[in-house]
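Chemist: everything below, folded, please.
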Amino acid sequence: MSQSATAEVDWRRLAARTGLYPAEAFQFVRDGLNRTSELVHGPGGPSEADRHVSGQQLCMGLRDYAIERYGMLALSVLSGWNVHRTDDFGRIVFAMIDAGLFSKSQRDCLDDFRCVFDFQEAFSRDRLVSAIGRRGHP
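Modeler: Numbers count the residues shown, from 1 in each chain. This next block holds a predicted model:
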């Protein structure tokens with residue numbers, strides 16, 4: 001997946017069109033894609049059009065981004081947005097592709113997001129404490 005150049009996005013309208021996820025979930029995925037792409041390709045790496053990441057890479061990046069951004073509340077925040085599995089990340093991504101906000105390669109498909117990791121395990125208290133501790137936070 002890579003982000004397409006876009007003007008202002010009406011996040012509420014996009015969220016209403018899908019009906020499952022709020023605008024904040026779409027914004028989170030967009031920001032998480034930018035962060036993941038930068039981590040995979042490095043800052044100032046290839047042009048935006050060539051900064052593709054796989055569905056699996058994006059799921060892992062979104063996991064890390066959620067922990068970085070929300071800490072111990074990561075699972076609660078995602079659950080509040082109806083995001084309970086990596087499949088939900090895929091549905092959000094493909095809704096954004098359909099809206100012209102992201103682009104995909106011919107190999108990309110929704111199955112790339114299926115069961116990448118278990119949310120309960122990835123956002124367990126022990127994992128969160130460990131991840132937050134590695135970043136140097138109390």
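
Chemist: C-alpha only now, for contacts and for neighbours.
Modeler: Will do.

Chemist: quick one: mean pLDDT for the helix or strand hosting residue 24?
Modeler: Using DSSP states H and E, residue 24 falls within helix 23-41. Helix 23-41 comes out with an average pLDDT of 92.

Chemist: which secondary structure elements does it contact?
Modeler: Contacts defined by 3 or more Cα pairs under 8 Å, 6 or more residues apart in numbering; DSSP states H and E place helix 23-41 against strand 2-3, helix 11-18, helix 55-70, helix 86-98.

Chemist: so which of the ones you listed comes closest to residue 35?
Modeler: helix 55-70 (7.5 Å; Cα to Cα).

Chemist: so where's the chain shaky on pLDDT?
Modeler: By pLDDT under 70, the weakly predicted segments of the chain are 1-8, 44-51, 135-138.

Chemist: again, only using 90
Modeler: Under the criterion pLDDT under 90, the flagged ranges of the chain are 1-19, 37-52, 100-105, 127, 129-138.

Chemist: give me the number of neighbouring residues for residue 113.
Modeler: 23 (other Cα atoms under 10 Å).

Chemist: residue contacts, it?
Modeler: The neighbourhood of residue 113, defined by Cα atoms under 8 Å, 6 or more residues apart in numbering, consists of 55, 56, 59, 86, 87, 89, 90.

Chemist: what is the neighbour count of the last one?
Modeler: Which is residue 90. Neighbours around residue 90, by other Cα under 10 Å: 22.
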